[in-house]
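Novice: Fold the following and give me the result.
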Amino acid sequence: MTRAYEQRFAAGLVLGGLLLVYWSVLRGLIDAWSTDDNYSHGFFIVPLAAYFAWERRRAFAAAVVRPSYFGLLVVAGSLAFLVAGLLGAELFLSRVSLIGAIAGSILFLFGWQRLRIVLFPLAFLLLMIPLPALIFNRIAFPLQLLASHVGESTISALDIPILREGNVLILANATLEVAEACSGIRSLVSLFTLGIVFGYFADRRPWVRAVIALSAVPVAILANGLRVASAGVAAHNFGAAGVEGLFHEFSGWVVFVIAFLMMLGFQRLLQRVLPPRVPQVPAAETMSA
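Specialist: Residues are numbered from 1 along each chain as shown. Sure thing, here's the model as predicted:
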């Protein structure tokens with residue numbers, strides 16, 4: 001058996017072992033994606049990460065194999081986090097440990113150089129893991145207030161009487177509460193994921209990719225504020241019934257499309273203002289006969 005086949009056989013054994021150990025964690029993740037609309041995009045993360053890793057297959061195969069025993073320490077630490085998370089009912093800890101165990105296994109089998117090549121796909125997998133409730137709530141409430149503020153400012157600019165008390169908008173014939181589900185955190189997480197993927201394919205410069213991904217934050221806040229404002233305008237004209245049912249669901253999709261178009265426009269602006277450098281090819285010298 002050649003060395004390449006030995007490496008593949010060892011990788012297959014490790015993969016099978018990880019699936020066995022983390023089976024309950026993986027089932028919990030799939031259940032979370034199925035039941036929590038904030039993380040329904042998780043179903044797309046694994047296939048995309050696999051594609052990013054597949055793109056690097058030639059560089060991965062060409063890299064020097066220098067196994068590192070430090071990988072065993074990383075795997076052991078990840079398994080300790082898994083046990084601690086399961087015993088303490090801390091799902092986030094046990095789920096993150098899965099990515100650490102994969103990284104440690106790659107480091108042990110192949111070394112640092114090959115681990116660096118697949119570091120981006122591994123980091124991308126973090127997006128499939130739901131945030132802890134404590135962190136989620138600390139992000140959601142400020143987003144509720146921001147969406148309420150943007151909505152109030154927009155509605156006031158349209159000369160519609162409105163009063164805001166925290167995350168509650170009071171109009172003449174309706175009262176709207178910007179609840180946690182309307183805070184925009186769902187669109188923020190989805191847009192951030194979309195921004196990473198879009199930036200990856202739209203530009204090869206790392207800093208441009210990072211800027212496009214980070215632009216999801218202000219874009220999501222602005223877009224969700226406009227959604228709240230549109231709900232306020234509808235409530236002003238049609239009452240509370242005007243913002244329930246179909247309008248509420250449909251407006252979410254419309255706002256998400258608008259937010260993506262804003263990100264697309266921002267990327268086009270970046271490309272126009274700061275175009276990528278085209279490598280100059282020296283002109284061939286003409287040879288005299």
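Novice: centroid residue for this protein?
Specialist: In the chain, the centroid-proximal residue (C-alpha atoms, centre = their mean) is Thr193; its distance is 2.9 Å.
Novice: Name the residues that touch the helix or strand harbouring that one?
Specialist: For Thr193, the host element (DSSP states H and E) is helix 185-202. Under the criterion C-beta atoms under 8 Å, 6 or more residues apart in numbering, residues 37-39, 41, 44-45, 48, 52, 124, 127, 136, 139-140, 143, 208-217, 219-221, 223-224, 252, 255-256, 259-260, 263-264, 267, 271 lie in contact with helix 185-202. Quick note: C-beta positions are derived from backbone N, CA and C, even for glycine.
Novice: List the buried residues of it.
Specialist: Going by neighbour count (16 or more other C-beta atoms under 10 Å), the buried part of helix 185-202 is 185-200, 202.
Novice: Helix or strand next in line after it, which one?
Specialist: Note on helix 185-202: by DSSP H and E, the next helix or strand toward the C-terminus is helix 206-214.
Novice: What residues of that next one count as buried?
Specialist: Buried residues in helix 206-214 (16+ other C-beta under 10 Å): 208-209, 211-213.
Novice: which among these gets closest to Thr175?
Specialist: Closest to Thr175 out of these is Ala213 (36.5 Å), distances taken as C-beta to C-beta.
Novice: re the thing from before, quick check: the two most widely separated of the buried residues of helix 206-214?
Specialist: Val208 and Ala213 (9.8 Å).
Novice: From start to finish, how long is stretch 16-28 in a straight line?
Specialist: By C-alpha to C-alpha, to the nearest Å, the extent of stretch 16-28 from end to end equals 18 Å.
Novice: and Ala229, how far is that from Glu165?
Specialist: 17 Å (C-beta to C-beta, to the nearest Å).
Novice: cool, Arg66 as well?
Specialist: Arg66 sits at a distance of 62 Å from Glu165 (criterion: C-beta to C-beta).
Novice: Ok, Ala101 next?
Specialist: 48 Å.
Novice: And for Pro130?
Specialist: Taken as C-beta to C-beta, the span from Pro130 to Glu165 is 31 Å.
Novice: Look at the two and report which has more neighbours.
Specialist: Counted by other C-beta atoms under 10 Å, Pro130 and Glu165 do not tie: Pro130 has more neighbours, with 19 against 10.
Novice: My reading is that the more buried one lies in a helix. Confirm?
Specialist: No: using DSSP: H, G, I helix; E, B strand; the rest coil, the secondary structure at Pro130 is coil, not a helix.
Novice: Lovely, talk soon.
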